[in-house]
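Chemist: my questions concern the predicted model and sequence given below.
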Protein chains: 2
Amino acid sequence: MNTPARISIAEAARHAGRSVEIRGWLYNLRRSGKIAFPIVRDGTGLMQCVAVKSALPEEAFEAIRNLTQESSVIVTGRIRAEERAVGGYEMEVEGLEVVQRIPESQPYPITPKEHGVEFLMDHRHLWLRSQRQHAIMRVRHEVIRAVRDYFDSHGFTLIDTPIFTPAACEGTTTLFEVDYFEDEKAYLTQSGQLYNEATAMAFGKVYCFGPTFRAEKSKTRRHLTEFWMVEPEMAYADLEEVKRVAEEMIVYVVGRVLENRRPELQKLERDISKLECVRAPFPRMSYDEAVKILQEAGSEIQWGGDFGGGDETVLSQRFESPLMVDRYPAAVKAFYMQPDPGRPEVALGVDVLAPEGYGEIIGGGQRVHDLDLLLDRIREHNLPPEAFDWYIDLRRYGTVPHGGFGMGIERCVAWICGLEHVRETIAFPRMLYRLRP
Amino acid sequence: MNTPARISIAEAARHAGRSVEIRGWLYNLRRSGKIAFPIVRDGTGLMQCVAVKSALPEEAFEAIRNLTQESSVIVTGRIRAEERAVGGYEMEVEGLEVVQRIPESQPYPITPKEHGVEFLMDHRHLWLRSQRQHAIMRVRHEVIRAVRDYFDSHGFTLIDTPIFTPAACEGTTTLFEVDYFEDEKAYLTQSGQLYNEATAMAFGKVYCFGPTFRAEKSKTRRHLTEFWMVEPEMAYADLEEVKRVAEEMIVYVVGRVLENRRPELQKLERDISKLECVRAPFPRMSYDEAVKILQEAGSEIQWGGDFGGGDETVLSQRFESPLMVDRYPAAVKAFYMQPDPGRPEVALGVDVLAPEGYGEIIGGGQRVHDLDLLLDRIREHNLPPEAFDWYIDLRRYGTVPHGGFGMGIERCVAWICGLEHVRETIAFPRMLYRLRP
C-alpha cells in the first residue's frame, strides 16, 4: 500500500476520492458513542473528519474521542465531497497520530466563549489561530501583494529607505530615539519620503515599503507605534498626477481583495457591496469646500484648523468611494509641501479619506523643488539646515517638480475588513501600553 | 499638431518613428560647432539625443550645447533605431526645455573621475544616480520580488513580525535599545523567528520580510547594522524540509535574476556563467566533514569552533552551487535549536554558504518543540523564562516539529551581483560609523 500523500486542506478538492494525510490541530469536536466528528485546521482551512468506531482500531477511536482543542494531530483518510461540511469536503478517518494532546488540566486558554480584548491581546500568539484573525491576516497579505504588484507593474523601482535616520522628518515630539553606538543618536524613521525624493531623482519612479514608527502618546483606535507604510515618489509629477496614482492604486487593491479574498470578507461579515462601489474617479474637493460643508453640518472647525476624526467621518460618509481633499493650509502641513503658486497660503497636498468613516488612509502631495524656497521653509520651521544638507542637494543638482504619497497599511486593511480598531490588522500590534507578546 | 506623448526611455522601442517627450537629466554630452549629442537619463535608461544646429532655433541649440551634467531637461524629438546608440535607439531633438541648469561654478559633485568610497558614501543620495548603482538596485528589487513570489506561490502566508520586541532573540550584546515611553525598554528585532514560530502554528507556513538590526561593533565587508531579512517558518517540518525549501528558493531567485536582470549583471561585469551553474541538488555536508576538509586544507579550526570568513571561502570554493553545512555543535548555536536525536551534541541546524567565497547567506534549522527540553535550554542559556512565556506556550498548546530559515537580502544581492562589500547592496547603508545621509 502506498503511503498517503501529505496535502494541505486547501488542496482537498483536487484529492477527492483518494486517501491523504493532513497535519494540523483540533479545531472542534462533536462525538457520540459510535461516531466522532473532529474538525481539523492546518492553517490553510478547516476539514471535517468522520471517525466511525466500527471502522477503526479501538485505541484510535478512543484517542479521537478524547482529543482536546488545539491538540496537534496527523490524520489520514479518504477525501469525499460533502456539501454540508465546511469547505465542501470531508475526510473519512482511516488513521490518526496524536502529536501532542493538551491535558484537560491545562487546557488551551482561548475557548469559544467571549474573552476580553486585553486577554486576547495578551494571548495574541495563540489568538492568531482563530478563523477571524486568519481572515484579517489573509486580507492584509493580499493588500500588500496587490500594492507591490501595482507599483512593480507601473515602472516603480523598490528602494528600501533606512529605518535609522539622523534627523526627524516631521516634528520631533513623536520620535523614538536610539543610542547609536557610543556618541550618536539615531531616530527611527517616521517616513521614507525624504529619501524617496533622492531616489526618485535617480530612478524616476520609486517606492519604499516598510515599518515606520511614531511615539504616539495617545491611545486611539487608529494609531500604532509601529506600522507599515508604502510610499511612492515620482520625479516630474504634480499634485494631479499624485492623485491619479493614489486613486488607481486604491481601485486596484480593492479589486484584488474582492477577487481573491471574498470568503475572508464574508467571514468578517464585511458589507461587500460597499467595497464594490469603490471606483474611479474618486470625489475630490478642496479643503476650503470641506470646511464649508463641515461648518454647515455643525462642526466647530475654523479655516486653518486640522480635521478631527469626527470631521473626517462626516465628510467621507457623503461618498461611496474614498474622498480626496486637497490644498490644506500650508501652516498645518510639513515644511516640504509645495505652496499653490496662485495661493501660497495653501499647500499642494492631498489627503485621501476612506469611506464609511474609516479615516485618512493616504497623505501626500507635491514637494518644494525650488532651492531658495526650501531654505526659507527650513528656517521658518526652525529645522537645523546642516541635518538637511543632503536633502537640500536635491534642489541644487537637477531639481524637478515631484511628488508622492504614503499609505498606511493597517488603516487600509481596517477599512477593507471593516474593523473598528487597527490593533487586529497586524500580527503583533505595538501601542502605548502594548509591547508584548 | 499633437503634443508629443510623454514616455519613459525604457519604452522607446515601442515609439520608434514617432515624436515623443522624455523628462530626465543630462548624463553626458559630446558636441561640436554644428551638432551635439546629449545623453539623457530618466531612471529607466539612457537615450542618446542628436541635436543639429540647422534644425533648431538658435537659443535651443545653444542651451543644449551649454548643458551641464545632471541638469534637468525635458526633450522632445523623434525616436529612431540606431544600432550604435546605447539601448539601440536615439532621438532627433526637436525641442528642449531646461528645467534647471546646474551652474559651472557649483557643479554636480560626482564626476566620471575616480572618487574615494567615503566621498561616494557621503554623497550616497547622488551616487545612486550612477549606472552601476542602478544595476545593483534593480537586481535587489528583482531578488525581493522573486523571494516574495516564491513564498506567495508555495502556500506561505506573509505575517509581518514586530520590530519592537521586549526580549532578545539571540544574545544581548548586539541589541539596539529604545526607550519605549516612560518606563519600558524595547529592543529592535534581530530576527522574526520566535514570532514566526507562533504564526506557523496558526497558518502552517508563514514568512516575514523586513528590516532587522544588529549593533555590530566590528567593521567588516559583510555586516550592516540595519539589513533586510526574509524568514520562512513551517509547522510539521524537519531539517531536510528546511533544506529543500532553501535550495528551491535560491534556485528560483537566481533564475529570476538571470531571466530579467541580465543587462544589469553585464553592467556589473558579473561572470554570469557562475550563476548559470547554480542548480539543485546543492552539495551537502556535515559540520564534521567540513572541519575535516578545513583541517586538511591547513585551517586551524578545531571541532566545536565556528567557521571564520576564510574557512567559509575555502569550503564554498569547492562547489559551483551554494553549499549546505548541517549539524553544527549545539554549544555554538542558539538555545532554540533542536538537537540531533542520535547525537545531542550537534544541532539540527543548517547554514548555506554562497559559492565563490561570498559567505553565509542562510542560517536555519529545526527548532526545539518539546516543552521540557525548551525549559532546560532557556535555563542553560541563563535567559529570563518570564520573557519567553508566550514562546513557551507554543510548546504547551499543540506543539509540533517545525523549522525554517533566514536569508539576508544584502548578502544574497552581494553574491548575485558579485560585490566585495555589502554596503552597495542597499540604498542607504547603516554601519558602525555611517548613519548619514
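Modeler: Cool, got the structure.

Chemist: ok, now how distant is the nearest residue to A:Ser286 once chain neighbours are set aside from chain B?
Modeler: The shortest distance from A:Ser286 to any residue that is not its chain neighbour, by Cβ to Cβ, 6 or more residues apart in numbering or on different chains, is 4.8 Å, and that residue is A:Arg327. Yep, even glycine has a C-beta here, placed from its N, CA and C like the rest. Plainly put, A:Arg327 is 24 Å away from chain B if you go by Cβ to the nearest Cβ, to the nearest Å.

Chemist: with A:His141 instead?
Modeler: When Cβ to the nearest Cβ is applied, the distance between A:His141 and chain B equals 5 Å.

Chemist: and the nearest residue to A:Phe405 once chain neighbours are set aside, helix, strand or coil?
Modeler: Closest residue to A:Phe405 in three dimensions, ignoring its sequence neighbours and counting by Cβ to Cβ, 6+ apart: A:Gly364, at 2.4 Å. With DSSP: H, G, I helix; E, B strand; the rest coil as the basis, A:Gly364 sits in strand.

Chemist: by proximity to chain B, which residue of the stretch 101-250 of chain A wins?
Modeler: A:Gly204 (2.8 Å; Cβ to the nearest Cβ).

Chemist: pretty sure that residue contacts B:Val40?
Modeler: No: applying Cβ atoms under 8 Å, one finds A:Gly204 not in contact with B:Val40, separated by 11.6 Å.

Chemist: between the two, what contacts are shared?
Modeler: Jointly contacting A:Gly204 and B:Val40 under the rule Cβ atoms under 8 Å, 6 or more residues apart in numbering or on different chains are B:Gly24.

Chemist: circling back: nearest residue to the residue of the stretch 101-250 of chain A closest to chain B other than its sequence neighbours?
Modeler: Nearest non-adjacent residue to A:Gly204 (Cβ to Cβ, 6+ apart): B:Gly43, at 2.8 Å.

Chemist: what does A:Asp42 give?
Modeler: Closest residue to A:Asp42 in three dimensions, ignoring its sequence neighbours and counting by Cβ to Cβ, 6+ apart: A:Gly24, at 3.4 Å.

Chemist: mind checking what helix or strand follows whichever helix or strand that neighbour is part of in sequence?
Modeler: Taking DSSP states H and E as the criterion, the element that holds A:Gly24 is strand A:19-31. Under the assignment DSSP H and E, the closest C-terminal helix or strand after strand A:19-31 is strand A:35-41.

Chemist: wondering if that following strand reaches chain B at all.
Modeler: No: where contact is defined by Cβ under 8 Å from any Cβ of the partner chain, no part of strand A:35-41 touches chain B; the two come within 8.9 Å at best.

Chemist: for the record, mean pLDDT for that strand?
Modeler: Per-residue pLDDT values across strand A:35-41 average out to 97.

Chemist: note down every partner strand of that strand and its orientation.
Modeler: Strand A:35-41 pairs in its sheet with strand A:19-31 (antiparallel), strand A:46-52 (antiparallel), by DSSP bridges.

Chemist: please name the bridge partners of the residue nearest to A:Phe405.
Modeler: The bridge-partner assignment for A:Gly364, based on DSSP bridges, gives A:Val350, A:Phe405.
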